[in-house]
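Peer 1: I'd like to go over a predicted model; first the sequence, then the structure.
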Amino acid sequence: MTYITRIAALLSTALIGAGTAALAQDDSQTGADIFVIGGKADDPFWSIVKRGAEDAGQIVEAQGGSVTWLGPQNYDNLGADAADLIRTAISQGADAIVGPNWVPESMDEAFAAVVEADIPLILYNAGGLEAADRLGALNYIGSDDFLAGKAAGEYFAQAGVTNVVCVNTLPGAANLQAQCAGLAEGVTAAGGTAEELPLPMTSFGNPTAVSQAVKAHLLQNPDVTGLYTIGNVDANSASIAITQAGAAGRVQLGGFNMDQTILDNISSGAQLFAIDQQGYLQGFLAVSLLNNHVNYGLTVPTRQILTGPGIVDASNVEATLAGVQSGTR
């Protein structure tokens, strides 16, 4: 558990108690109804973000409000489906909305409708400060995807891995395209090469499809020495593909996000590193800030609150395992 995660946990405990006391003193307080747009609830990464939002939601509920999570059924039509969820939040009377700007060309119009309705908006996870400025959001909370990819590329290069493939199972999603671009810059600045391997969106979350596609690419391109994946499920699939392609001694693996399997792989040497964006904090901080803004008019002067990128590798993997076991990493 990082220092900032410990602080968040302490604040959560303190504020829940304070919120309960305040509610007991003023039964007329109605609180804020906050809607959070996110990924599928059974997505390993998004379940952690949801956990953070729900933990902050204990404060919201103690003050008479509510937190509602809205996620797509699948990722086949991500931008359009997410835009529909934003409009659903508006129609259901949201006092504040949190959402990722995954596909700007599909989602910007819906986010604009949020601001036009005078509903406070925080962008998180995808989009960055540029999108927050463009759309009129209060803050952006999350990792800078380009910098995350660049950090991964630099790490690969420092480890002597200079022919890297970015496996993208959600091509067209702006944040993931930015990661692949950042990866390429980090690797090429050190004299290496990088390319993107775009797979059909239907392959996202399909371990067999990803493993087979990555295996085929490695067999067809024996000069590849590194793989980077945009999510933890894909990293586990890529790890299997490396083994099946007989490339365990040649290809190093890194990726965005992590889970127990990935940390075990880092411990054993089967994966080189993982980029941590601290999704728990994204959900927790976004809901907490909006709740205080709606109820008390509070804001923070920092409009871009970065929760990453951090690198988890053999040097700090043991310290990270406790956070995974608690559902916060």
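Peer 2: Happy to help now that I have it. Fair warning: this is a prediction, and the values are worked out from it, not measured in the lab.

Peer 1: just for this structure, where's the confidence low?
Peer 2: For the chain, the stretches flagged by pLDDT under 70 are 1-29.

Peer 1: buried sites along whichever helix or strand residue 183 is part of?
Peer 2: Per DSSP states H and E, residue 183 falls inside helix 174-188. For helix 174-188, the neighbour count (16 or more other Cβ atoms under 10 Å) marks 174-184, 186-187 as buried. Heads up, the C-betas are built off the backbone N, CA and C, glycines and all.

Peer 1: what does stretch 207-218 give?
Peer 2: So stretch 207-218, judged by 16+ other Cβ under 10 Å, has buried residues 209, 210, 211, 212, 213, 214, 215, 217, 218.

Peer 1: tell me the contacts of the fifth one?
Peer 2: Right, the one you point to is residue 213. By Cβ atoms under 8 Å, 6 or more residues apart in numbering, the contact set of residue 213 is 197, 199, 203, 241.

Peer 1: And for the first one?
Peer 2: For residue 209, the residues meeting the contact criterion (Cβ under 8 Å, 6+ apart) are 199, 200, 202, 203.

Peer 1: Is residue 141 in a helix, a strand, or coil?
Peer 2: Classification of residue 141 by DSSP: H, G, I helix; E, B strand; the rest coil places it in strand.

Peer 1: Distance check, it against residue 225.
Peer 2: 35 Å (Cβ to Cβ, to the nearest Å).

Peer 1: Mind checking which of the contacts of residue 213 are in helices?
Peer 2: If you go by DSSP state H, these have residue 241 in helices.

Peer 1: Buried ones among the contacts of residue 213?
Peer 2: 197, 199, 203, 241.

Peer 1: Which one of those is nearest to residue 127?
Peer 2: Closest approach between those and residue 127, by Cβ to Cβ: residue 199, at 22.9 Å.

Peer 1: returning to what we had before: in CSV, list the buried ones among the contacts of residue 213 along with distance to residue 148.
Peer 2: Formatted as CSV, those follow (distance: Cβ to Cβ, whole Å):
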residue, distance to residue 148
197, 18
199, 20
203, 21
241, 22
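
Peer 1: out of residue 141 and residue 225, which sits in the busier spot?
Peer 2: Using other Cβ atoms under 10 Å as the criterion, residue 141 and residue 225 rank with residue 141 on top: 27 against 19.

Peer 1: In the helix or strand harbouring residue 114, which residues are buried?
Peer 2: Taking DSSP H and E as the criterion, residue 114 maps to helix 104-116. Taking 16+ other Cβ under 10 Å as the neighbour-count basis, helix 104-116 is seen to contain the buried residues 104, 106, 107, 108, 110, 111, 114.

Peer 1: cool, stretch 81-95 as well?
Peer 2: Result for stretch 81-95 [16+ other Cβ under 10 Å]: buried residues 81, 82, 83, 84, 85, 86, 89, 90, 94, 95.

Peer 1: what residues does it touch?
Peer 2: Residues contacting stretch 81-95 (Cβ under 8 Å, 6+ apart): 32-35, 37, 65, 68, 70-73, 97, 99-100, 102-103, 106-107, 109-111, 113-114, 117, 119-120, 294.

Peer 1: Many thanks, we can stop here.
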